[in-house]
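Engineer: here are the coordinates; sequence isn't available:
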């Protein structure tokens, strides 16, 4: 049986507690495969409109985008310093579920998505559903689920 070789690795990051761990795993996968690494963050500006009942100002969106881009640049540097030769960062706006599962992979030829088991609390998962669960059900490419170290420790007890 031939071993799977990945060329385009996608790591969606959301700033949750598992982000660093997930990024490190994606870096490992990219290095082992000498693959391109895409680091993606999706901004859900609509959630502010629904929560606060008014449109978010352009200044707020600009600042949020600028802050996100700076964090992504730090992650890109971390990947490059670790030995990944080809890294791009991306910011998209919208619903993370279809973007991660289908839209971004179609646009960029992704053949594996490396993501955390969850970035949401139990209540948030109940209300809006897990992005990870959606991606694993609907993605056309492989999905590697990275469990946080806390989850691993709990399941080993």
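Structural biologist: Looks like it came in fine. Just so we're clear, the structure is a prediction, and the values are computed from it rather than from any experiment.
Engineer: what's the lengthiest helix in the chain packed up against?
Structural biologist: In the chain, with assignment by DSSP state H, the single longest helix is helix 58-81. Judged by 3 or more CB pairs under 8 Å, 6 or more residues apart in numbering; DSSP states H and E, the packing partners of helix 58-81 are helix 19-33, strand 36-43, strand 87-93. Glycine gets a C-beta too; all of them are placed from N, C-alpha and C.
Engineer: Flag every buried residue along the shortest one.
Structural biologist: In other words, strand 87-93. Judged by neighbour count using 16 or more other CB atoms under 10 Å, the buried positions of strand 87-93 are 87, 89-90, 92.
Engineer: Can I get the residues you listed in TSV including pLDDT and distance to residue 23?
Structural biologist: Formatted as TSV, the buried residues of strand 87-93 follow (pLDDT from 0 to 100; distance: CB to CB, whole Å):
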residue	pLDDT	distance to residue 23
87	98	11
89	98	12
90	98	14
92	96	18
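Engineer: Surely residue 100 and residue 116 touch.
Structural biologist: No - applying CB atoms under 8 Å as the test, residue 100 and residue 116 come out as separate, 11.5 Å apart.
Engineer: any shared contact partners between these two?
Structural biologist: In the contact map built from CB atoms under 8 Å, 6 or more residues apart in numbering, no residue is linked to both residue 100 and residue 116.
Engineer: about what we covered before: just the buried residues of strand 87-93 now: which is nearest residue 5?
Structural biologist: Distance to residue 5 across the buried residues of strand 87-93 (CB to CB) is lowest for residue 87, with 18.4 Å.
Engineer: is it true that the closest one touches residue 37?
Structural biologist: Yes - taking contacts as CB under 8 Å, residue 87 lies within contact range of residue 37: 4.7 Å.
Engineer: shared neighbours of these two, anything?
Structural biologist: Common neighbours of residue 87 and residue 37 (criterion: CB under 8 Å, 6+ apart): 30, 79.
Engineer: remind me which residues of the chain are low pLDDT?
Structural biologist: For the chain, the stretches with pLDDT under 70 are 1-3, 45-56, 118-129, 148-157.
Engineer: Check it and tell me which residue is nearest its centre.
Structural biologist: Centroid-nearest residue in the chain, with CA atoms, centre = their mean: residue 12, separated by 1.0 Å.
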